[in-house]
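next comes the sequence, and after it the predicted model I'd like to discuss.
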Amino acid sequence: MKKILVVNAGSSSLKFKLYLMPSEEVLCSGIAERIMHEDAIFQIKINQQSYKEVLPISDHKKAVHLLVDALKKHNIIQSFDEIAAIGHRVVQGGKYYNKSVIFDESVAEKVHSLIDLAPLHNGPNLTGYRAFKEILPNIPNVATFDTAFHRSMAEEDFVFPIPYELTTKYDLYRYGFHGTSHEYLAIEGAKLLGQENLKIITCHIGSGASISAVKNGKCVATSMGLTPLGGIMMGTRTGDIDPSIVYFLCHKLNKDIQEVYDILNKKSGLLGVSGVSNDARDVDKAKAKGNERAILAQRLFIRRIADYIGQYFVRLGGADLIIFSAGIGENSHSFRQNVIKEISSALEIDFNEEINKNSRAITTLLTNPSSKVHVALIPTDEEVMIARDTFRLI
Ligand code: ADP
């Protein structure tokens with residue numbers, strides 16, 4: 001048995017989970033939030049018990065110190081060398097990585113070179129790595145990339161129809177994201193049906209949302225693009241739109257490209273269409289009160305998802321299983337019901353509405369045995385995938 005620490009470093013946060021591998025038992029989890037603030041928060045959860053402190057956390061290194069001290073204080077480890085390795089989530093692996101790798105200086109340089117493609121993520125991911133490297137220099141690190149699972153796509157699935165010289169000069173490809181989640185869902189989906197060599201459509205529907213087509217465990221298509229802005233409509237992001245809207249808005253609003261880009265990323269999607277909220281629950285409530293824009297936002301959201309599922313059904317030459325996951329996919333039975341309503345007759349889905357209504361956040365098959373295409377709810381677990389890869393690599 002080995003203890004593996006899984007880390008997800010954001011610009012002002014550091015999430016962690018300590019696993020015992022290979023049993024996948026979670027020994028503790030937690031988060032340092034509001035890093036660089038005087039009133040930052042450090043929280044650790046052990047056996048359902050949560051311990052929270054409000055204190056200044058000057059930087060990620062300080063957060064790592066707090067974490068390792070807390071592990072000792074709560075007797076989860078007696079000494080640091082009990083941590084066999086640290087697995088880091090890295091969002092953008094670019095064209096370089098199609099699987100997890102040992103995170104060393106040469107990988108750090110590559111991750112740094114990709115900051116342009118993922119400015120909000122790769123910088124903080126790297127800061128997290130460097131903080132651990134400095135404080136625990138003898139413990140090996142592993143990088144798991146959100147983009148790696150999608151590297152199996154064919155060229156016609158990841159090249160955009162812009163001038164090819166620009167594509168290659170700036171590496172402007174469809175990288176896709178949430179790859180660790182899509183891979184996990186495809187593995188768990190195959191376990192659920194007790195079969196291999198399946199055609200699966202994985203729907204990760206949270207505030208960020210993406211859909212992938214997976215054949216025999218390999219990704220053949222995914223909805224997000226160069227950045228997480230592409231694909232289906234999301235909480236605040238547009239997903240795919242006619243790019244001329246950007247040109248038009250710059251002119252009409254007399255705004256520069258950055259301001260319009262912010263509108264597409266932060267003020268669109270469920271929030272922009274409904275005018276109510278980016279949170280699907282708030283949109284649901286407004287819809288129940290008859291708010292027309294909330295109704296439209298939800299219809300648009302469902303339509304985009306149904307269209308992608310249809311596209312991937314064709315792309316895969318049929319499907320054995322459609323999986324719903326993440327915040328909305330796992331928790332909202334009405335959302336799942338609404339999507340299925342759009343696709344069930346074409347895909348010959350025999351949906352069990354009763355089971356769907358009573359299912360939440362637990363792996364469940366939502367179709368009757370006679371269904372041509374099955375549908376399942378599977379809670380995603382990106383951290384355990386990182387723990388598995390880290391354990392395997394060391
Ligand atoms: P992310 O990880 O991308 O931030 P999550 O996967 O946590 O997002 O999903 C957040 C979304 O899940 C929010 O829009 C929230 O409204 C939605 N959500 C959570 N619980 C429910 C629920 N019971 N019904 C509908 N939506 C829900």
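Arrived safely, thanks for sending.

where's the residue nearest to the spatial centre of the chain relative to residue 202, distance?
Centroid-nearest residue in the chain, with Cα atoms, centre = their mean: residue 178, separated by 3.4 Å. As defined by Cβ to Cβ, to the nearest Å, residue 178 lies at a distance of 9 Å from residue 202. Placement of C-beta: from N, CA and C, glycine included.

name the residues contacting each of these two.
Common neighbours of residue 178 and residue 202 (criterion: Cβ atoms under 8 Å, 6 or more residues apart in numbering): residue 212.

which strands or helices does the strand or helix carrying residue 130 pack on?
Assigned by DSSP states H and E, residue 130 belongs to helix 122-135. If contacts are counted by 3 or more Cβ pairs under 8 Å, 6 or more residues apart in numbering; DSSP states H and E, helix 122-135 sits against strand 2-9, helix 60-73, strand 83-90, helix 105-113, strand 141-145.

which parts of the protein are strands?
In the chain, the strands defined using DSSP state E lie at 2-9, 14-21, 25-33, 37-46, 49-57, 83-90, 101-102, 141-145, 199-205, 209-215, 218-222, 321-325, 364-365, 374-377.

in CSV, list those along with mean neighbour count and distance to residue 293.
Shown next, in CSV, are these (neighbours: other Cβ atoms under 10 Å; distance: least, Cβ to Cβ, whole Å):
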stretch, mean neighbour count, distance to residue 293
strand 2-9, 24, 34
strand 14-21, 22, 34
strand 25-33, 19, 32
strand 37-46, 17, 35
strand 49-57, 14, 38
strand 83-90, 24, 35
strand 101-102, 18, 46
strand 141-145, 27, 37
strand 199-205, 27, 20
strand 209-215, 27, 20
strand 218-222, 21, 29
strand 321-325, 27, 25
strand 364-365, 18, 33
strand 374-377, 24, 28
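
mind putting the ones you listed into TSV with distance to the ligand and mean pLDDT?
Shown next, in TSV, are these (distance: least, Cβ to the nearest ligand atom, whole Å; pLDDT from 0 to 100):
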stretch	distance to the ligand	mean pLDDT
strand 2-9	11	96
strand 14-21	11	97
strand 25-33	13	97
strand 37-46	17	96
strand 49-57	18	96
strand 83-90	12	97
strand 101-102	24	98
strand 141-145	16	98
strand 199-205	8	98
strand 209-215	7	98
strand 218-222	16	98
strand 321-325	8	98
strand 364-365	15	98
strand 374-377	12	98
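
close to the ligand: what parts of the stretch 251-394 of the chain are there?
Neighbours of the ligand within the stretch 251-394 of the chain, by Cβ under 6 Å from any ligand atom: 279, 280, 281, 326, 327, 328, 331, 332.

just the closest of these to residue 106, please.
Taking Cβ to Cβ as the measure, residue 106 lies nearest residue 326 of those, at 33.0 Å.

mind listing what that closest one touches?
Applying Cβ under 8 Å, 6+ apart to residue 326 gives the contacts 181, 204, 205, 206, 209, 380.
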